[in-house]
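# Here is the input, now give the coordinates:
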Amino acid sequence: MRTELKTTSEVMDALGGNLPVAELTGRTYKAAANWRKFVAFPPNTYRAMTEALEEKGYSAPPELWDMVPTEAELAPVKAALATIDA
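Below is the predicted model of the structure:
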């Protein structure tokens, strides 16, 4: 089971910090460092970062990249809500 990360800062730490993330995404060190303060990463970094996270045994919700979750990703949430409504 993968460890799910909840914040941009947790993702950055899991990927080795500011410099490795900058190199991974082709951005400057300063740009990557600033992402720690943001709610979400630039959407065009989603694929590179999530693939790198998977290689390290982590995951993060697509919302951290301003992405809309898939139906499969929403299924556990919907199931939990169904038990509350019942």
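
# Ramachandran coordinates for the nearest residue to Tyr29 once chain neighbours are set aside?
Distance criterion CB to CB, 6 or more residues apart in numbering; nearest residue to Tyr29, sequence neighbours excluded, is Ala22 at 4.8 Å. To be clear about C-beta, it is placed using only N, CA and C from the backbone, and glycine gets the same treatment. The phi/psi pair for Ala22 (degrees, to the nearest 10) reads phi -60, psi -50.

# Correct me if wrong: Ala22 contacts Thr28.
Yes - the criterion here is CB atoms under 8 Å, and Ala22 meets it with Thr28 at 6.1 Å.

# What residues of stretch 23-40 count as buried?
For stretch 23-40, the neighbour count (16 or more other CB atoms under 10 Å) marks 24-25, 27, 32-33, 35-36 as buried.

# Next: stretch 63-73.
Within stretch 63-73, the residues that qualify as buried are 64-65, counting by 16+ other CB under 10 Å.

# Spatially, what comes nearest to the residue nearest to the spatial centre of the chain if we skip its sequence neighbours?
For the chain, the residue nearest the mean C-alpha position is Ala60 (3.6 Å; CA atoms, centre = their mean). Of all residues not flanking Ala60 in the chain, Leu5 sits nearest, at 4.5 Å (CB to CB, 6+ apart).

# go on, Asn18?
Leaving aside its sequence neighbours, Asn18 sits nearest to Ala33 (CB to CB, 6+ apart; 4.5 Å).

# I figured that neighbour was touching Gly17, is that so?
No - counting by CB under 8 Å, Ala33 does not reach Gly17; the two are 9.1 Å apart.

# For Met1, report the pLDDT, please.
What the model reports as pLDDT for Met1 is 67.

# what comes into contact with whichever strand or helix holds Ala80?
Secondary structure from DSSP states H and E places Ala80 in helix 71-85. Contact partners of helix 71-85, identified using CB atoms under 8 Å, 6 or more residues apart in numbering, comprise 61-62.
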